[in-house]
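Colleague: Model the following, please.
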Amino acid sequence: MLKGDTVRLKCHFKTFDGQLVDPTDVKLTIYKSDETVIEQIHLDDTNKENVGVFYYDYTPAGELDEFIFEFAGSVNNKPILSREKVKIQFSK
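Modeller: Numbering: from 1, shown residues only. Sure thing, here's the model as predicted:
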């Protein structure tokens, strides 16, 4: 992604059988590359695209060269999460 731009972060929560599932208490956590938490955002149905598909439009701080995002929730009282790293460049 380009520095100063907004990126749509997206997650597909799936069961072990590959079926999309809606977790409870969905949160998005943004980390620095050293795993320090930058911010945590509680998501609701306004951030839900479809069953099991959540998103958030995020504009990272200008001083970051990369960040890690984590979507997390709970299904049947067990944690479910997805984590990815995003590299930020000034130009392509």
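
Colleague: residue ranges with poor pLDDT in this protein?
Modeller: Applying pLDDT under 70 to the chain picks out no residues at all.

Colleague: Run through the strands of it in chain order.
Modeller: With DSSP state E, the ranges of strands along the chain come out as 7-12, 24-31, 37-42, 48-50, 53-58, 66-75, 78-87.

Colleague: Which among those is found nearest to Met1?
Modeller: Closest of the strands of the chain to Met1 is strand 7-12, at 4.8 Å (criterion: CB to CB). All C-beta spots, glycine's among them, are computed from the backbone N, C-alpha and C.

Colleague: got the angle between the closest one and strand 24-31?
Modeller: In terms of direction (axes from the mean of the first three to the mean of the last three CA atoms, to 10 degrees), strand 7-12 departs from strand 24-31 by 140 degrees.

Colleague: How about residues contacting strand 7-12?
Modeller: 1, 20, 28, 49, 52-60, 69, 71, 82, 86 (CB atoms under 8 Å, 6 or more residues apart in numbering).

Colleague: list the buried ones in it?
Modeller: Val7, Leu9, Lys10, Cys11 (16 or more other CB atoms under 10 Å).

Colleague: sorry, back to before: and the contacts of strand 7-12, which are buried?
Modeller: Applying 16+ other CB under 10 Å to the contacts of strand 7-12 flags Leu28, Gly52, Phe54, Tyr55, Tyr56, Tyr58, Pro60, Phe69, Phe71, Ser82 as buried.

Colleague: Cool, thanks, signing off.
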